[in-house]
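K.L.:
no FASTA, just this:
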């Protein structure tokens, strides 16, 4: 008696049906299992857009499979096209998945410690195949995700889709917007370069302003892990970024999706009677089935966007990597991430507590409660003039505040530093570091005599410098002189000193501001990092 | 719907092609980034050197006699200096170790009484690991020129030197020139940076400037030197460093060779500058 018996059913089938039919049946079976209900002929029919059989086999995966049970089996004809959804919700989910995939890749090479995090970045860039591409894609994907999610919200507002019965869907959407913003923001700190540290410091200073003082102080300690960012703060942001926020996002996304299925996609405003919601009852003749039409479109959107993200990251966009984080050196003109610039702009308007804490909290509260407070029954554009106007005003205010958050608005700096920073900015490589090394000819040059400089690159640099100085001169009515000195310093290393000299009109005292940069032949700042 | 399938498939194929192009270029890109990052380390290291090392080791690493040895020197890179002290590692290791943990005890047979401070945060100093790495990269970048002769070492001024006789009459001094000398290659600010406001001879808190201190000090009961005027006291402190050691400091800390390195004019300028600090 054998200890055990091996039984391979396919061999029996080959014996009884012959090789080819047996294999064909097996393949058919396999495909049916993978697609949760469609055999090869059904899949072929889907791809060719043949009319479905009766009963429609294409409904089966929705009932039996996990992934498609989250998708409606059919849409109303009117929500199938670009308008009214622009598929922004789907693209948001896609961006989230894209970030998870690229993020897991980066996680393999990352340690959340100030001692080694920056070195990990250098390793990813210098020693990991596809490392730079993954980093660039992760960064680009994050920016795209913020944009897509924000547009998704804007669209939902404009078409009035947040109204009854979808109030709660909207509320979960606001949570998802918050998760998106804070995912992106928490990721900012991880490379532990100057940009990370200071952009996040600006954002985190909001927590410190929360009144009363004892709350603010402790909130700040909780966020940063110490009075200032260090090992504790980095670990906290890392855990937020890779565990807490994605988990919150996945949960909120599940609820959000479920609500969309329960209520159906809201039809374009105006096709229904006021107060009516017929999205759940789609008549037979106006149905567009998920398979194949919606599925094809969604896959086409995703493959197209993937191509754009990959190609753009591969050839054009490179995530910046600034020098190592230094808590003692605040770079000139540092800003928070662009999607928080409006907050930075508000902070310039006055009281930190009012503009930095109370108002942002009020905005979040307003967003969450919007569908419960604004209960006007009509979704038609014509009936919502006040609401839509308020929306437009909000978008404009957001844009204006964002502009005010940039260094161009109300940042007190000294003109001498500005003039030097025009050549040697502290938050990006800037013209001097990007200038061809070989064209920096040794010698001492005056900005005013830029036309006499020996090389085109030097002429351009000195011209920029001179223009900046002229601006200062006309503003203050002072005589300002700009000097650039290029010295040979070491093998392949030049020392460039940029000096601004002026005489104070009031005291007749000479003043000077200078900054030094060392430039190596091979430093090549043109790579984008 | 057909065109969506076609475009979608095309996108996938195009994505794969882009990835293949990236893959083909990766070895070159990674090597390029490594090169450029090493170059940027040299740049960063140069800035740190300018701020932290220049006062003792000289602007071009040529060293300052009696203060700190030359780094831009052949014997560092050809291994002689390492052999002299029996260091078994590479030059780079030696440079990194010395910068990081300093020199608690001066090497025997050298003329550098000052100890080198610890610079790495791991040893209580101010610099992070990446800054130490940059500094090492910068010092190592001297190798080529150092082996060809290195920077000019500060020589004693040609001709007359002030010597160690503090009663010698000095020419008229220029305080501005003196200030420039303290910041130059004499190496003064390498050590005298103890005050919160800058060099130790400036007034700071309740302590008046060096001019006032000099005016009273040689009259104190514990004074062991021979100065009879503030000028002589200051000159004595510079050229006869052990004649009188201020309480709280040890003997032999200050190089004893300034009498041989300063011209009478330099000495007069320095004294004039110090006296001007009230």
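P.N.:
Done, it's in. On a predicted model such as this, the values are computed, not experimentally measured, just so you know.

K.L.:
residue contacts, residue 121?
P.N.:
No chain was given, so I picked chain A. A:135, A:191, A:192, A:193, A:321 (Cβ atoms under 8 Å, 6 or more residues apart in numbering or on different chains). In this view, the C-beta of every residue, glycine as well, is placed from N, C-alpha and C.

K.L.:
wait, I meant chain B there
P.N.:
B:127, B:128, B:129.

K.L.:
Quick one: those residues as a markdown table, columns for secondary structure and neighbour count too.
P.N.:
Listed next are these as a markdown table, based on DSSP: H, G, I helix; E, B strand; the rest coil; neighbours: other Cβ atoms under 10 Å in any protein chain shown:
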| residue | secondary structure | neighbour count |
| --- | --- | --- |
| B:127 | strand | 20 |
| B:128 | coil | 18 |
| B:129 | helix | 16 |
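
K.L.:
Report the entries of these that also contact chain A.
P.N.:
B:128, B:129 (Cβ under 8 Å from any Cβ of the partner chain).

K.L.:
Check which helix or strand residue A:187 maps to.
P.N.:
helix A:167-189 (DSSP states H and E).

K.L.:
tell me the mean pLDDT over that helix?
P.N.:
Here helix A:167-189 scores 96 as its mean pLDDT.

K.L.:
Who are the packing partners of it?
P.N.:
Contact partners of helix A:167-189 among helices and strands, from 3 or more Cβ pairs under 8 Å, 6 or more residues apart in numbering or on different chains; DSSP states H and E: helix A:88-107, helix A:131-158, helix A:194-208, helix A:231-239, helix A:245-263, helix A:359-373.

K.L.:
and with 7 Å instead?
P.N.:
helix A:131-158, helix A:194-208, helix A:231-239, helix A:245-263, helix A:359-373 (3 or more Cβ pairs under 7 Å, 6 or more residues apart in numbering or on different chains; DSSP states H and E).

K.L.:
That one: how far from the chain's middle?
P.N.:
12 Å (Cα atoms, centre = their mean, to the nearest Å).

K.L.:
now it and helix A:194-208, what's the angle there?
P.N.:
130 degrees (axes from the mean of the first three to the mean of the last three Cα atoms, to 10 degrees).

K.L.:
for the helices and strands packed on helix A:167-189, which one sits closest to chain B?
P.N.:
Closest approach to chain B among those (Cβ to the nearest Cβ): helix A:131-158, 5.5 Å.

K.L.:
returning to what we had before: lowest-confidence stretch among the helices and strands packed on helix A:167-189?
P.N.:
helix A:194-208 (a mean of 87).

K.L.:
how far is that helix from where the chain is centred?
P.N.:
Using Cα atoms, centre = their mean, the offset of helix A:194-208 from its chain centre is 17 Å.

K.L.:
do the same with stretch A:373-388
P.N.:
That offset, for stretch A:373-388, works out to 31 Å (Cα atoms, centre = their mean).

K.L.:
Was I right to think residue B:136 contacts residue B:95?
P.N.:
Yes: here residue B:136 reaches residue B:95: they are 5.3 Å apart, a contact under Cβ atoms under 7 Å.

K.L.:
What distance do you get for the residue nearest the centre of chain A to residue A:183?
P.N.:
Nearest to the geometric centre of chain A sits residue A:143, at 1.9 Å (Cα atoms, centre = their mean). Per Cβ to Cβ, to the nearest Å, residue A:143 is found 12 Å from residue A:183.

K.L.:
can you check residue B:49 too?
P.N.:
Counting by Cβ to Cβ - residue B:49 and residue A:183 are separated by 41 Å.

K.L.:
ok, those two, which is more surrounded?
P.N.:
residue A:183 (23 against 20; other Cβ atoms under 10 Å in any protein chain shown).

K.L.:
Spatially nearest residue to that one, not counting backbone neighbours?
P.N.:
residue A:245 (4.8 Å; Cβ to Cβ, 6 or more residues apart in numbering or on different chains).

K.L.:
residues in contact with that neighbour?
P.N.:
Residues near residue A:245 by Cβ atoms under 7 Å, 6 or more residues apart in numbering or on different chains: A:179, A:182, A:183, A:186.

K.L.:
So the first one sits against residue A:252, correct?
P.N.:
Pointing back at residue A:179 there. Yes: the pair residue A:179 / residue A:252 is scored as a contact, 6.4 Å apart, by Cβ under 7 Å.
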